[in-house]
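Trainee: I'd like to go over a predicted model; first the sequence, then the structure.
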Amino acid sequence: MGVLDGMVAIVTGGGQGVGYGIARAFADEGAKLVLTGRVLEKLDGKAEQLRAQGAEVITVAGDVRQRGAAKDTVARAIEAFGRIDVLVNNAQSTPTHVSFEQQTDEQLESVIGSGLFGTIYFMQEAHAALAKQGGSIINMGSLMGVQGGLGSGSYAAAKEGIRGVSRAAARDWGKDGIRINTICPGAKSEGFMEFFVQNPEELPKYESQLALRRFAECYEDVGRIAVYLASPDCFITGQTLHVDGGQVMP
Ligand SMILES: NC(=O)c1ccc[n+]([C@@H]2O[C@H](COP(=O)([O-])OP(=O)(O)OC[C@H]3O[C@@H](n4cnc5c(N)ncnc54)[C@H](O)[C@@H]3O)[C@@H](O)[C@H]2O)c1
């Protein structure tokens with residue numbers, strides 16, 4: 001028996017990194033999965049791996065910056081599995097690391113569109129299905145939003161917008177039995193590790209600053225926390241959890 005047996009979870013940006021780590025952890029606990037992202041072949045490859053674990057999985061191609069992607073993913077989830085219990089808004093285009101005054105409209109649209117608007121579109125479109133039996137939404141914030149960071153202007157705007165809408169909707173939708181929490185990971189995803197692959201000598205320096213002396217693993221660490229937040233036993237809502245080995249202690 002898994003703690004998510006019979007439950008249906010949508011994971012955006014589920015083809016790699018934290019999103020796929022969460023999907024794997026959900027599959028371990030018996031969830032049926034809807035993976036969405038922009039590149040269908042990548043999602044299908046990961047779906048095969050999850051099916052080998054015994055999970056039922058469908059994939060839906062879409063760009064979360066478009067409301068149509070949220071509508072389509074929700075419709076496909078209902079068509080395939082008949083319900084939605086968990087929504088993980090994980091998709092986010094990479095931060096620009098360009099000084100804020102130089103960030104172009106295209107960069108703003110990509111970063112805020114994928115992070116903040118994508119999260120809002122999926123929350124709104126999934127609300128009715130989640131409210132039928134209650135459920136859990138897990139959104140993704142960041143240290144760069146909570147504390148600021150060089151060149152992180154648009155990314156921080158997206159991530160703090162996400163935390164804001166998570167708290168507001170947690171109050172609105174608690175009456176519907178929907179809990180909404182934000183995870184701020186510090187996790188070794190493909191995106192996160194790009195810098196350290198180029199600069200391997202920097203990883204031990206960064207990790208030595210962490211209370212637990214290592215960044216999180218996407219599956220073992222972030223995935224397990226996401227399972228807890230998704231599980232029917234969890235009584236937490238409107239909160240931010242920093243799953244980063246003890247980097248941020250607000
Ligand atoms: N890894 C970390 O330490 C860390 C730190 C802070 C915040 N986060 C947040 O956690 C989440 C996952 O991060 P990650 O490190 O795994 O990132 P990643 O870059 O490895 O993965 C992000 C995924 O989102 C997808 N995506 C991007 N734009 C999209 C769009 N418009 N439509 C659909 N899919 C899109 C990408 O294709 C990719 O699959 C993100 O929201 C990120 O901001 C991660």
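Mentor: Looks like it arrived, so ask away.
Trainee: and the lowest-mean-pLDDT helix or strand in the chain, which residues are buried?
Mentor: Ranked by mean pLDDT, DSSP states H and E, the weakest helix or strand in the chain is helix 190-198, scoring a mean of 91. Neighbour counts over helix 190-198 (16 or more other CB atoms under 10 Å) mark G191, F192, F196 as buried. Just so you know, the C-beta spots here come from the backbone N, C-alpha and C atoms, and that holds for glycine as well.
Trainee: so what's the gap between that helix and the chain middle?
Mentor: In terms of CA atoms, centre = their mean, to the nearest Å, the centre of helix 190-198 is set 19 Å apart from its chain centre.
Trainee: identify all contacting residues around that helix.
Mentor: Helix 190-198 has contacts (CB atoms under 8 Å, 6 or more residues apart in numbering) with Q16, G17, T94, G186, E202, L203, Y206, F215.
Trainee: on that earlier part again, A169: which of the buried residues of helix 190-198 is nearest?
Mentor: If you rank those by distance to A169 using CB to CB, G191 comes first, at 25.9 Å.
Trainee: the residue in the chain sticking out farthest from the centre and E207, how far apart?
Mentor: Farthest-out residue of the chain from its mean C-alpha position, per CA atoms, centre = their mean: E201, at 28.6 Å. To E207, E201 is 12 Å away according to CB to CB, to the nearest Å.
Trainee: assign L4 to helix, strand or coil.
Mentor: coil (DSSP: H, G, I helix; E, B strand; the rest coil).
Trainee: that one and A25 touch, don't they?
Mentor: No - contact between L4 and A25 fails when scored by CB atoms under 8 Å: they sit 9.2 Å apart.
Trainee: and for the two, which residues touch both?
Mentor: V227.
Trainee: three-state assignment of the nearest residue to G15 once chain neighbours are set aside?
Mentor: Among residues not flanking G15 along the chain, K42 sits closest, at 4.0 Å (CB to CB, 6 or more residues apart in numbering). Of the three states, K42 takes helix under three-state DSSP.
Trainee: is it true that K42 touches G17?
Mentor: No - with contact defined as CB under 8 Å, K42 does not reach G17; the gap is 11.3 Å.
Trainee: tell me which of those two has more neighbours.
Mentor: G17 (21 against 17; other CB atoms under 10 Å).
Trainee: give me the nearest residue to the more buried one, chain neighbours excluded.
Mentor: G17 sits nearest to S189 (CB to CB, 6+ apart), 3.0 Å away.
Trainee: the one you found: how many residues sit nearby?
Mentor: 21.
Trainee: kindly report the same for H242.
Mentor: Count around H242 with other CB under 10 Å applied: 21.
Trainee: who in this structure is up against the ligand?
Mentor: Counting by CB under 6 Å from any ligand atom, the residues of the chain close to the ligand are 13, 15-19, 37-38, 63-65, 90-94, 114, 140, 142, 184-187, 189-192.
Trainee: strands - which of those land there?
Mentor: Judged by DSSP state E, the residues of the chain next to the ligand include G37, M140, C184, P185 as members of strands.
Trainee: tabulate these (a markdown table), appending pLDDT and neighbour count.
Mentor: Listed next are those as a markdown table, based on pLDDT from 0 to 100; neighbours: other CB atoms under 10 Å:
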| residue | pLDDT | neighbour count |
| --- | --- | --- |
| G37 | 98 | 25 |
| M140 | 98 | 26 |
| C184 | 98 | 24 |
| P185 | 98 | 29 |
